[in-house]
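S.K.: Got a predicted model here, sequence first, then my questions.
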2 protein chains.
Amino acid sequence: MKLYGYWRSSAAYRVRIALNLKGISAEQLSVHLVRDGGEQHKAAYTALNPLELVPTLTLDDELDMDALSQSLAIIEYLDEIHPQTPLLPASALERAHVRAMALTVACEIHPLNNLRVLQYLTQTLGVDEAAKNTWYHHWVASGFAALETLLIRHSGRYCFGDTVTLADLCLVPQVYNAQRFNVDLTPYPNIMRVWAECNQLEAFADAAPERQADAV
Amino acid sequence: MKLYGYWRSSAAYRVRIALNLKGISAEQLSVHLVRDGGEQHKAAYTALNPLELVPTLTLDDELDMDALSQSLAIIEYLDEIHPQTPLLPASALERAHVRAMALTVACEIHPLNNLRVLQYLTQTLGVDEAAKNTWYHHWVASGFAALETLLIRHSGRYCFGDTVTLADLCLVPQVYNAQRFNVDLTPYPNIMRVWAECNQLEAFADAAPERQADAV
């Protein structure tokens, strides 16, 4: 397998954690999202990922046909083909709660704050730096307020009970991003408690952006 | 079961299609997203859905603890407890492709164009109507261009082969939204072919916004 990612991409970060937790080795290839207008827009990459986003997971044969996009689809795939260290609970209802937490990050926070959207705000809409930061903080705050409530209901040591799940794989990179943009995280004690707990695990710590080969 | 939704919510629309395809009866309750500042922000609803979005699915006991949010988590739950008429293919790799298509809509198009984001653009950032519409069209176009490529690779009668999947449940409401905002859909012949094919099915047609009790 090859994982095309970028050190600071929080979607790639999620997949790196999954690979580490499951002990799956994958060659990691860097797609520089900023340099030269963004390598994700070059034809060699868009053949693999028409949406021009990271990550992409390719299987051994490297047929474009089999290149997988979307971090949550990739993680569920890894979870299905490597069922040891499951990332979803055993019951359908519990799985639904875990997926809802993961999707709260993946659908309600991250898409609004990723690079291409921030670029559209500043470059196309002419939004200034201060308003861009307010936008960023706004979506983190509304998403994290909801997640904090869900963690009060469902968390144990991790987001859902005492076992690492897909929800933790989404939460930790989102906290990393929020810290990078100086979001005040004191209103979310359960999020920060789970985040610290996850980072005690080598699988999370090793997936951190600064530890990647392409980190600047 | 009770489904809290809104006729024009495309996330609720996805869940309505799933319920119809599986023949699951659920009481449908309307959460008016605009009237009186938005009923999704009232305490009675936010106890069920802290993110203040529709849809929410509640199970018989109606414990807040068991209220399910996030349309894709709800649909996967319904698919697991009612495995007849499966909404995902049998192989892990095929499931990954279907989930990637669904997430392309759910993570890369819809979150950028839903009501709360459009309201933020106009009310907080002071974006005018024309620029708001350009924003809307931009994210539909980039997402649909990618989806069109994925459909060329994977579609049959429907998004993935000849069986309805989760990808179709996401695509059809997104096309409805795009039409509502007058997006030019001629560059996406495969998307429109699949959309028309799906709407031949009563499960899709009955889930359409105009057929809902709260439609205006």
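M.R.: Perfect, thanks for sending it. Numbering: from 1, shown residues only, chains lettered A, B, ... in the order given.

S.K.: mind listing the helices for chain A?
M.R.: Ranges of helices within chain A are A:10-22, A:43-46, A:71-81, A:92-108, A:110-113, A:115-119, A:129-154, A:166-180, A:189-199, A:202-205, based on DSSP state H.

S.K.: Please report the distance of the residue in chain A sticking out farthest from the centre from chain B.
M.R.: Relative to the mean C-alpha coordinate of chain A, counting by Cα atoms, centre = their mean, the farthest residue is A:G126 (27.6 Å). In this structure, A:G126 and chain B are 9 Å apart, going by Cβ to the nearest Cβ, to the nearest Å. Backbone N, C-alpha and C define where each C-beta goes, glycine included.

S.K.: Nearest spatial neighbour of A:M101, chain-adjacent residues omitted?
M.R.: A:A167 (3.8 Å; Cβ to Cβ, 6 or more residues apart in numbering or on different chains).

S.K.: Okay, now the unreliable bits of chain A?
M.R.: A:61-65 (pLDDT under 70).

S.K.: Which residue ranges make up each domain of chain A?
M.R.: As assigned by automatic domain parsing, chain A contains the domains A:2-84, A:92-204.

S.K.: so which of these comes closest to B:A145?
M.R.: Counting by Cβ to Cβ, B:A145 lies closest to domain A:2-84 out of these; the figure is 7.1 Å.

S.K.: So is the closest one next to chain B?
M.R.: Yes - on the criterion Cβ under 8 Å from any Cβ of the partner chain, domain A:2-84 is in touch with chain B at A:50-53, A:59, A:64-66, A:68-70, A:72-74, A:76-77, A:80-81.

S.K.: neighbours around the nearest residue to A:E94 once chain neighbours are set aside, how many?
M.R.: Distances taken as Cβ to Cβ, 6+ apart put A:F160 closest to A:E94, at 6.9 Å, once the chain neighbours are dropped. By the criterion of other Cβ atoms under 10 Å in any protein chain shown, A:F160 has 26 neighbours.

S.K.: these two touch, right, A:F160 and A:A167?
M.R.: Yes - with contacts counted by Cβ atoms under 8 Å, A:F160 reaches A:A167, the gap being 5.6 Å.

S.K.: Find the residues that touch each one of these two.
M.R.: A:V98, A:M101 (Cβ atoms under 8 Å, 6 or more residues apart in numbering or on different chains).

S.K.: just to revisit the earlier point, show me which of the residues of domain A:2-84 next to chain B are buried.
M.R.: A:50-53, A:59, A:66, A:68-70, A:72-74, A:76-77, A:80 (16 or more other Cβ atoms under 10 Å in any protein chain shown).

S.K.: ok so, going back, quick one: the residue nearest to A:M101 from A:I191, how far?
M.R.: A:A167 sits 11 Å away from A:I191, going by Cβ to Cβ, to the nearest Å.

S.K.: Now the residue farthest from the centre of chain A: phi and psi?
M.R.: The phi/psi pair for A:G126 (degrees, to the nearest 10) reads phi 70, psi 20.

S.K.: follow-up on the earlier one: next up, phi/psi of the residue nearest to A:E94, please.
M.R.: Dihedral angles (degrees, to the nearest 10) for A:F160: phi -130, psi 100.

S.K.: same deal with A:L88?
M.R.: Main-chain dihedrals, A:L88, degrees, to the nearest 10: phi -130, psi 150.

S.K.: Give the burial count for it, as a bare number.
M.R.: Counted with other Cβ under 10 Å, the neighbours of A:L88 add up to 23.

S.K.: what sits against it?
M.R.: By Cβ under 8 Å, 6+ apart, A:L88 lies in contact with A:E76, A:D79, A:E94, A:R95, A:V98, A:R99, A:T165, A:L166.

S.K.: let's go with 6 Å and repeat that
M.R.: A:R95, A:V98 (Cβ atoms under 6 Å, 6 or more residues apart in numbering or on different chains).

S.K.: residues contacting the residue nearest to A:E94?
M.R.: A:V98, A:H154, A:A167.

S.K.: ok, now how distant is it from chain B?
M.R.: Distance check for A:F160 against chain B: by Cβ to the nearest Cβ, it reads 12 Å.

S.K.: Okay, that residue and B:R99: tell me how far apart.
M.R.: 20 Å.

S.K.: who's in contact with A:K22?
M.R.: Applying Cβ under 6 Å, 6+ apart, we find A:K22 in contact with A:H82, A:T85.

S.K.: For B:E210, which of the helices of chain A is the nearest?
M.R.: Per Cβ to Cβ, nearest to B:E210 of the helices of chain A: helix A:92-108, 25.4 Å.

S.K.: Show me what counts as buried in the closest one.
M.R.: A:94-108.
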